[in-house]
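1. Okay, structure incoming, though there's no sequence with it:
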C-alpha cells in the first residue's frame with residue numbers, strides 16, 4: 001500500500017513537471033491576446049493567457065545605463 005501511494009505521488013509530480021516544461025514552450029508560441037485552454041479528465045482546466053505586450057517606456061523614464069549614473 002505504501003509503495004503504491006509513493007509511486008502514484010511520484011508519477012503525479014513527474015507529470016506536472018512535464019506539463020510545466022510544455023507550458024514554457026507554449027508561451028513562446030502563443031500570440032499576444034490569445035488564450036490556451038488545457039482540460040484534464042478529472043475536470044481541472046489550465047488556462048494560459050497571453051496579454052498584449054506592454055508599450056516600451058519613454059526614453060526619459062527608462063533606467064539609466066552604467067555610464068549615466070552619477071554618485
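-> Nice, thanks for sending it over. This is a predicted model, so every value here is computed, not measured.
2. only C-alpha atoms for contact and neighbour calcs from this point on.
-> Will do.
3. how deep is residue 33 tucked in, by neighbour count?
-> Residues near residue 33, counting by other C-alpha atoms under 10 Å, number 10.
4. residues contacting it?
-> By C-alpha atoms under 8 Å, 6 or more residues apart in numbering, the residues touching residue 33 are 49-52.
5. would you list those residues in a markdown table and tack on distance to residue 38 and secondary structure?
-> Shown next, in a markdown table, are the contacts of residue 33 (distance: C-alpha to C-alpha, whole Å; DSSP: H, G, I helix; E, B strand; the rest coil):
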| residue | distance to residue 38 | secondary structure |
| --- | --- | --- |
| 49 | 11 | strand |
| 50 | 14 | coil |
| 51 | 17 | coil |
| 52 | 21 | coil |
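6. Identify the residues contacting residue 49.
-> By C-alpha under 8 Å, 6+ apart, the contact set of residue 49 is 33-36.
7. quick one: which of these is nearest residue 15?
-> residue 36 (18.8 Å; C-alpha to C-alpha).
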